[in-house]
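> Build me a model:
(one chain, ligands or ions: 2)
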Amino acid sequence: MSIETIVLKPDDGLTKATDLLLSGDCVALPTETVYGLAADASNEKAVRKVFEAKGRPLDHPLIVHIPGADHIKRWAIDVPELAYKLAEQFWPGPLTLLLSKSPDVSSVVTGGLDTIALRVPEHPLFLDILRQADLGLAAPSANRYKKLSPTTANQVFKGMQGRIKAVLDGGPCEFGLESTIVDLTSAAPTVLRAGPITRAMLESAAGITIEQPESHKVAVPGNVAAHYQPGTRLREYKTQDLASNDAPSCCYLFYSEEAGDLLRKAEVDPSRCLKVSDDCVEYGKTLYSALHKLDEGGYDEIRIEATPRSERWAAINDRLRRAQGD
Ligand code: TXA
Ligand code: MG
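Ligands and ions are numbered 1, 2, ... in the order given. Predicted coordinates:
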């Protein structure tokens, strides 16, 4: 597989990206969460190209991005009122709703399942394309299977060069973590993947309890543990243990002043240390970029300062757990 991959700039790239999508190609597009690898969700051949470019197993379903809540019924049946309530509050935005698939929709996009994941992205370029083309775009994160999700066009290019037609550069992603996925097909609405929209936000909008199990009894394809992995081994350490046993082959990702002090005291070379924010929203924004950067340093291990276990950090803790392959 070797195709010339072009990087499109927003001003003149929007039309080109739309044309490529309408003619059945895949194009990486910016969203407010991470970059997505988009293809016309109603074109089976185009959708298959997404699986091929990512190296993703065919039974791992894709999220379909739609221009607005008025498109839900093109894709889903038996839509509960709650779907519209949540859509009104959070769309466009980083929330994906899992609904019952309409029989008219190809099961290639849903990996053979009879459910479908829908969301309206907030990034203006992606939304413009959806509205202009008036279609649904299947778009998983624009990384190779099990690798880190990209939050810049350059990261997409590095990972997917030669495998896709184009990347539309829309700048760095606003949230930096994938959308929250809520299953509305089961008796109790359940968060399947933690993300920028927290359970507390959902509960306050829905006015009912939303479940958020730490692990799922029903395995969701694509919700496998070994996901989002950088090439370099990643290990989490408690703050007080972070700087013990330093070795030149280790690098560090930390957020607290205390960890910074300990690393300085242990005389760890600052070039091997990367500080990120101690605010969970800011931390989430930069996590993947930080991991991409440390991954490129050729180290044996990325040591991560353990993050707070509170619910506000759920999305980050989920991604860090998976990045360690636990
Ligand atoms: O923020 C996001 O959601 C990004 C951007 C590009 O929109 N997309 C994204 O897609 O993260 P992906 O494919 O990397 O992750 C989608 C997750 C997978 O874990 C997949 O298994 C799950 O959603 N999913 C999609 N459709 C599903 C379905 N019908 N049933 C159960 N899980 C589903
Ligand atoms: Mg992904």
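> quick one: low-confidence parts of the stretch 151-300 of the chain?
215-228 (pLDDT under 70).
> redo that, cut-off 50
218-219, 224 (pLDDT under 50).
> the strands in it, which residues?
Secondary structure of the stretch 151-300 of the chain by DSSP state E, counting those that start in this stretch: the strands cover 166-168, 180-183, 190-193, 233-237, 250-254, 273-275.
> Just put these in JSON lines and tack on mean neighbour count and distance to residue 323.
No exception for glycine: its C-beta is placed from N, CA and C like everyone else's. Converted to JSON lines, the strands of the stretch 151-300 of the chain look like this (neighbours: other CB atoms under 10 Å; distance: least, CB to CB, whole Å):
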{"stretch": "strand 166-168", "mean neighbour count": "26", "distance to residue 323": "23"}
{"stretch": "strand 180-183", "mean neighbour count": "25", "distance to residue 323": "18"}
{"stretch": "strand 190-193", "mean neighbour count": "21", "distance to residue 323": "14"}
{"stretch": "strand 233-237", "mean neighbour count": "17", "distance to residue 323": "5"}
{"stretch": "strand 250-254", "mean neighbour count": "23", "distance to residue 323": "11"}
{"stretch": "strand 273-275", "mean neighbour count": "19", "distance to residue 323": "15"}
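> For the ones you listed, give me TSV that also has distance to ligand 1.
Shown next, in TSV, are the strands of the stretch 151-300 of the chain (distance: least, CB to the nearest ligand atom, whole Å):
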stretch	distance to ligand 1
strand 166-168	13
strand 180-183	5
strand 190-193	6
strand 233-237	19
strand 250-254	22
strand 273-275	24
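> who wins for proximity to residue 10 among those?
strand 166-168 (7.0 Å; CB to CB).
> Mind giving me the packing neighbours of that closest one?
strand 6-8, helix 10-22, strand 27-29, helix 153-160 (3 or more CB pairs under 8 Å, 6 or more residues apart in numbering; DSSP states H and E).
> For that strand, which strands pair with it and how are they oriented?
strand 6-8 (parallel), strand 27-29 (parallel) (DSSP bridges).
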